[in-house]
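Q: Sequence plus predicted model, see below.
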Amino acid sequence: MVKQERRPGESIDSMLRRFKKDIKREGTLLEYKKREFFEKPSDVKKRKLKAAKKRARLQQKANELY
């Protein structure tokens, strides 16, 4: 869990910017979006397979360039 304390003389905007950066780095927002709706196990497998195929295609394309 990310916890931010206001530094002396720090504006709310800069504190909020630090907070957002820490949330992004920790992956909290990504995890929330992933769990927002239930995803069936079969849909998870399909999504992961699709991502693996895309990675393989990009890797193959990169290897062809060299």
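A: Perfect, I can see it now. Residues are numbered from 1 along each chain as shown.
Q: Residues contacting the longest helix seen in the chain, please?
A: If you go by DSSP state H, the chain has its longest helix at helix 41-65. For helix 41-65, the surrounding residues in contact (CB atoms under 8 Å, 6 or more residues apart in numbering) are Glu39. C-betas here are computed from N, CA, C, even on glycine.
Q: average pLDDT for it?
A: Per-residue confidence for helix 41-65 averages out to 95 on the pLDDT scale.
Q: next one: stretch 13-30
A: Stretch 13-30 shows a mean pLDDT of 92.
Q: Tell me which residues of that stretch come out buried.
A: Buried residues in stretch 13-30, counting neighbours by 16 or more other CB atoms under 10 Å, are absent.
Q: Need the CA coordinates for it. CSV is fine.
A: Taking only C-alpha atoms (Å, rounded to 0.1, in the frame of the first residue of the first chain), the coordinates of stretch 13-30 have been written out as CSV:
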residue,chain,number,x,y,z
ASP,A,13,-0.1,19.0,-6.9
SER,A,14,3.5,17.7,-6.5
MET,A,15,2.4,15.4,-3.7
LEU,A,16,-0.4,14.0,-5.9
ARG,A,17,2.1,13.6,-8.8
ARG,A,18,4.4,11.6,-6.5
PHE,A,19,1.5,9.5,-5.3
LYS,A,20,0.4,8.7,-8.9
LYS,A,21,3.9,7.7,-9.8
ASP,A,22,4.2,5.4,-6.8
ILE,A,23,0.8,3.8,-7.6
LYS,A,24,1.8,3.2,-11.2
ARG,A,25,5.2,1.7,-10.1
GLU,A,26,3.5,-0.6,-7.6
GLY,A,27,1.0,-1.8,-10.1
THR,A,28,-2.0,-1.1,-7.9
LEU,A,29,-4.1,0.6,-10.6
LEU,A,30,-3.4,-2.1,-13.1
